[in-house]
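Student: Give me a 3D structure for the following:
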Amino acid sequence: MRLLILGGTRFLGRHLVLAAQERGHEITLFNRGQSNPGLFPGVVELVGDRDGNLEALHGRRWDAVIDTSGYVPRIVRQSAELLAPAVNHYTFISSISVYGDLTAPNIDESWPVATIEDEATEEITGESYGALKALCEQVVLELFPQNGLVIRPGLIVGPHDTTDRFTYWPVRVDRGGEVLAPAPPEYGTQFIDVRDLAEWTILMVEQKAAGVYNATGPNEPMPLGALLDICRAVSGSDARFTWVSPAFLLEHGVQPWVELPLWIPDEAGSADISRAVAAGLAFRPVAATVADTLSWADGRPADHRWRAGLAAEKEARLLEMWHSNRILEAS
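Tutor: Numbering: from 1, shown residues only. Now for the predicted structure:
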């Protein structure tokens, strides 16, 4: 299969390339040539810009395209219109964030998506991101009504994740000692190993699958306490967990999801992934994801600037205040 990937040198993109190579496909990348240039020797790399500089795509044909880098509907339309006569199948990587309400359990693909008053805005913020992704989906399905595939991943995790939104926990637990964790331990989390997502996406493209699929994991939401126990078992650390109430954390300015990844106290919903699982989505053991994430993270520079997670000083200060408050309450 001749496969075009829009992007292809960062997190999910690089794993899509590896999964496609493993399956023997012929790959072409189209990107600006700024992130990890030369990452894949021997792979054809076309340089351009999705916003108005698509000349490198003219006059070529592929069996399928995977769009990993579409965030604004106007820009997605440019590439989708150009490629409509040049490809047989279009896969758009969207996001679980398209749903307008993430607080319900078992949100399936029919759940209402987010909307935005100004559909022409191109400012990507926490408030506009999901609605813009939903508009991008509409563009793809309009232009590829029979052969358009929309994949809505949840939190993507694993090696080469630059967001640190999952990596924080394995690394923090590996460091050991007293670890601040947001109560309760039963809080359900969902995430998907980037390699599982990439391998399944390539299989779906091979099958010319169409329609919309939620894609996260594991099969059932994993309690945060269970995940941290796995992190401790994998690392062999002496970590001990102190479960701190959400009210205390919010009162002291702790940012959900950013400073304590995987935790959003007001969004305890879950995505129904039964459609994707029926279509072959499978998951490696969480322990393998944790181990491989740790191994990759250990190879980063010592001065790596973390993009998510509690700073050690703030964590220590919060734990001290938490224990002091508990003593006062008990006296």
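Student: so where is the chain shaky, pLDDT-wise?
Tutor: Low-confidence segments of the chain (pLDDT under 70): 328-331.
Student: Can you give the contact residues for the lengthiest helix in it?
Tutor: Longest helix in the chain by number of residues (criterion: DSSP state H): helix 312-330. Contacts to helix 312-330, defined as Cβ atoms under 8 Å, 6 or more residues apart in numbering, come from residues 178, 179, 180, 242, 244, 248, 249, 252, 254, 259, 310. C-beta coordinates here come from the backbone N, C-alpha and C atoms, glycine included.
Student: For the second one, give the beta-bridge partners.
Tutor: The reference is to residue 179. Beta-bridge partners recorded for residue 179 (DSSP bridges): residue 241.
Student: what about it, how many neighbours?
Tutor: 21 (other Cβ atoms under 10 Å).
Student: same thing with the fourth one?
Tutor: Using other Cβ under 10 Å, residue 242 has 15 neighbouring residues.
Student: That one: what's it in contact with?
Tutor: Counted by Cβ under 8 Å, 6+ apart, residue 242 has contacts 178, 179, 180, 181, 319, 322.
Student: returning to that earlier point: so which bits of the longest helix of the chain are buried?
Tutor: Residues 315, 318, 319, 322 are the ones in helix 312-330 that count as buried (16 or more other Cβ atoms under 10 Å).
Student: go on, stretch 229-247?
Tutor: Of all the residues in stretch 229-247, those buried under the rule 16+ other Cβ under 10 Å are 230, 231, 232, 234, 235, 237, 239, 241, 243, 244, 246.
Student: The last one and residue 185: what is the separation?
Tutor: Put plainly, it is residue 246. 13 Å (Cβ to Cβ, to the nearest Å).
Student: Likewise for the third one?
Tutor: Relative to residue 185, residue 232 is positioned 13 Å away (criterion: Cβ to Cβ).
Student: Kindly report the same for the first one.
Tutor: When distance is defined by Cβ to Cβ, residue 230 is 13 Å away from residue 185.
Student: same check, this time on residue 209
Tutor: 37 Å.
Student: The two: which has the busier surroundings?
Tutor: The neighbour comparison of residue 209 against residue 185 (other Cβ under 10 Å) goes to residue 209, with 18 against 15.
Student: Name the residues linked to the spatially closest residue to the more buried one that is not a sequence neighbour by a beta bridge.
Tutor: In space, residue 209 comes closest to residue 149 once its chain neighbours are excluded; the distance is 5.4 Å by Cβ to Cβ, 6 or more residues apart in numbering. Note on residue 149: beta-bridge partners by DSSP bridges are residue 91, residue 211.
Student: what's near enough to touch the residue nearest to the spatial centre of the chain?
Tutor: Most central in the chain under Cα atoms, centre = their mean is residue 156, positioned 2.9 Å from the mean C-alpha point. Residues counted as contacts of residue 156 (Cβ under 8 Å, 6+ apart) are 11, 12, 191, 192, 194, 197.
Student: Quick check: phi and psi on it?
Tutor: Backbone torsions of residue 156, given as degrees, to the nearest 10, read phi -90, psi 130.
Student: which residues does it bridge with?
Tutor: Bridge pairing for residue 156 - DSSP bridges - gives residue 192.
Student: Tell me how far it lies from residue 60.
Tutor: Here residue 156 is placed at a distance of 29 Å from residue 60 (Cβ to Cβ).
Student: Kindly report the same for residue 119.
Tutor: Residue 119 is 31 Å from residue 60, by Cβ to Cβ.
Student: Please say which of the two ends up with more neighbours.
Tutor: For residue 119 versus residue 60, neighbours defined as other Cβ under 10 Å are more numerous around residue 60 (15 against 12).
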